[in-house]
Every structure is written in structure tokens, then in C-alpha cells.
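**Q** Whatever this is, show me its structure:
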Amino acid sequence: MEHLSAYQKVQLARHPQRPYFLDYIEHIGHDFIEIHGDRNFGDDAAIVGGFGLLGNMPVCLIGHQKGRDTKQKLYRNFGMPKPEGYRKALRIMKIAEKFGRPILTLIDTPGAYPGIDAEERGQAEAIAHNLREMSQLRVPIIATITGEGGSGGALAIGVGDRVNMLECSIYSVIAPESCSAILWRDQNHAADAAEALKLTPEDLKKYQLIDEIIPEPEGGAQNDPAGMAKQLAAVLERQLRELCGRTSEDLLACRYNKFRAMGAFGE
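**A** Predicted coordinates:
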């Protein structure tokens with residue numbers, strides 16, 4: 001689908017029938033057991049996490065979850081986590097580290113929830129804490145953007161030894177509409193903003209911000225969720241085989257160097 005413009009990929013990434021975390025788990029996460037709550041404030045339904053099997057390998061699975069109908073969208077807060085969601089995710093990751101389980105995250109969020117209650121409970125601190133702690137986890141981490149990768153809301157569970165993107169997903173510091181509103185004082189230039197933001201998988205691979213682009217069925221993942229899940233599982237299993245043979249020290253060193261090199265340039 002190389003013929004699609006950046007803004008067309010934005011629209012596909014937001015398609016209301018696109019598979020979400022629980023849809024993928026239904027196909028690839030056998031015997032999944034969900035863990036609730038952050039043991040501090042409450043449970044955030046915008047992030048789902050727990051343990052299950054990928055093939056025959058026990059893994060930790062964490063991801064954003066959006067809703068389909070109005071009731072579900074409100075329950076899941078449109079896939080926008082609050083601090084307790086990120087703290088829950090980190091709690092699950094720490095359990096995974098304790099028992100030596102690889103961590104797989106599926107990212108699909110417009111961004112972290114910007115409401116007053118989230119700010120009062122330390123939204124920015126929760127995201128920053130996750131970034132620091134994920135960089136030091138001594139187990140393999142694979143992050144995959146399956147839809148929208150919205151700024152810090154995505155990055156808070158996106159520090160991985162491998163970072164993948166589905167072919168019609170996006171990853172950006174700001175939504176094109178918001179960028180347009182800032183630069184042009186209206187949202188009518190969202191398509192221009194999308195091109196300038198370099199938010200497509202092809203652009204991000206070129207700049208070495210992601211590792212692999214996972215092909216989607218013709219027309220997008222929503223046209224064949226089961227086939228998309230099978231394709232994703234094959235990539236994750238291959239990458240896990242590569243990573244699980246490494247020592248913890250090697251994983252940490254490579255992860256540090258990977259993110260340390262981002263944004264470096266020479267003249």
C-alpha cells in the first residue's frame with residue numbers, strides 16, 4: 001500500500017474496525033490471564049495486560065484497548081490511559097522480569113489522557129517512570145505499533161529491544177490535526193502536517209526509529225484480523241528467538257545503544 005499518502009495512513013490507523021489488543025490476544029495469546037489494578041489508585045481499562053502463551057512460549061502481553069460502541073469507548077476512555085494505566089503496565093512488567101518472561105506490547109492510542117484528574121495523579125511522572133524502568137528491565141521487550149502511536153502515551157510502553165509497526169500504523173509526537181491547528185491556525189492543513197511529521201512506517205524505518213514494518217492485508221488489518229494476527233505472531237516469534245538467546249547484560253547494552261543513537265547526526 002505504498003501508494004497511500006501519509007494522511008490516508010492516518011485514517012486507516014484510526015479505522016473503527018481495526019483490530020485492537022483484545023482482538024489480537026484472541027488469535028495469538030493462548031491461555032491469557034489478565035491482571036488488574038496498579039495497587040495504588042485503581043484499574044485503568046485503557047490498558048490491558050497479563051500473561052499467556054505465544055505458541056508454546058510463556059510471555060507477558062500488554063497493550064492499549066479502545067472500544068467499539070459508545071459504552072465501550074467510554075469504559076476504555078477511547079484508548080487514552082491515565083497514570084494508573086501506566087503504573088499497572090509497569091507492575092505487570094516487573095512481574096514478568098521476576099519470572100523471566102519476555103514482554104510484548106501492542107500500541108494503539110491517540111495519546112495519554114490529558115484531563116485534570118490524570119494530571120493531578122502524576123501523568124507525566126508515570127510516563128517518565130515507565131521510560132526509565134523499561135530501559136532497565138532484564139528480559140526481552142518487543143513493542144509493536146498496531147494503529148495510532150500517539151506521543152508519550154505510546155512511548156510509555158514502547159521502549160523495546162525491537163520496535164515494529166504495522167504497515168498502516170502511525171507514530172508521531174502530535175496528531176496531524178493538532179499540528180495543523182498550531183502552525184496554520186486551523187485543521188484544514190492536516191494532510192500537509194501528516195507529510196511533514198514523517199509519521200509513516202517507511203519514514204520511521206528510514207530514520208532508524210523502528211526496526212521492522214509488518215505487512216497488512218490489502219486495504220488494512222480490519223479486512224482480515226485473523227490473517228493480520230497470524231502475520232504478527234510469526235514476526236514476534238522470530239524476534240523472540242533472536243532475543244531470548246542473549247544475556248541480560250547484552251540486552252541492556254544493546255537497548256541503551258539503540259535509543260542513545262536516535263536523533264544523532266553528523267555534518
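**Q** Going by C-alpha atoms from here, please, whenever you check contacts or count neighbours.
**A** OK.
**Q** And the pLDDT for the spatially most central residue of the chain?
**A** Nearest residue to the geometric centre of the chain (Cα atoms, centre = their mean): residue 107, 1.9 Å. In this model, residue 107 is scored at 98, pLDDT.
**Q** surely it meets residue 151?
**A** No - the pair residue 107 and residue 151 fails to qualify as a contact (Cα atoms under 8 Å) at a distance of 11.0 Å.
**Q** now the helices for the stretch 1-150 of the chain?
**A** Along the stretch 1-150 of the chain, counting by DSSP state H, counting those that start in this stretch, helices occupy 6-13, 21-28, 70-75, 83-98, 116-120, 123-134.
**Q** Adding distance to residue 156 and mean pLDDT, write the ones you listed out as CSV.
**A** Output for the helices of the stretch 1-150 of the chain, formatted as CSV (distance: least, Cα to Cα, whole Å; pLDDT from 0 to 100):
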stretch, distance to residue 156, mean pLDDT
helix 6-13, 19, 94
helix 21-28, 16, 94
helix 70-75, 21, 96
helix 83-98, 7, 98
helix 116-120, 15, 95
helix 123-134, 5, 97
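**Q** among the ones you listed, which is nearest residue 196?
**A** Residue 196 lies closest, by Cα to Cα, to one member of these: helix 6-13, at 9.1 Å.
**Q** Give me the helices and strands touching that closest one, please.
**A** strand 141-150, strand 170-172, helix 190-197 (3 or more Cα pairs under 8 Å, 6 or more residues apart in numbering; DSSP states H and E).
**Q** okay, those in a markdown table with mean pLDDT next?
**A** A markdown table is the format used below for those (pLDDT from 0 to 100):
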| stretch | mean pLDDT |
| --- | --- |
| strand 141-150 | 97 |
| strand 170-172 | 96 |
| helix 190-197 | 95 |
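**Q** can you redo the ones you listed as JSON lines with mean neighbour count and distance to residue 118?
**A** Below are the helices and strands packed on helix 6-13 laid out as JSON lines (neighbours: other Cα atoms under 10 Å; distance: least, Cα to Cα, whole Å):
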{"stretch": "strand 141-150", "mean neighbour count": "27", "distance to residue 118": "17"}
{"stretch": "strand 170-172", "mean neighbour count": "27", "distance to residue 118": "21"}
{"stretch": "helix 190-197", "mean neighbour count": "18", "distance to residue 118": "27"}
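**Q** Dump the ones you listed to TSV, plus distance to residue 64.
**A** Listed next are the helices and strands packed on helix 6-13 as TSV, based on distance: least, Cα to Cα, whole Å:
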stretch	distance to residue 64
strand 141-150	10
strand 170-172	14
helix 190-197	23
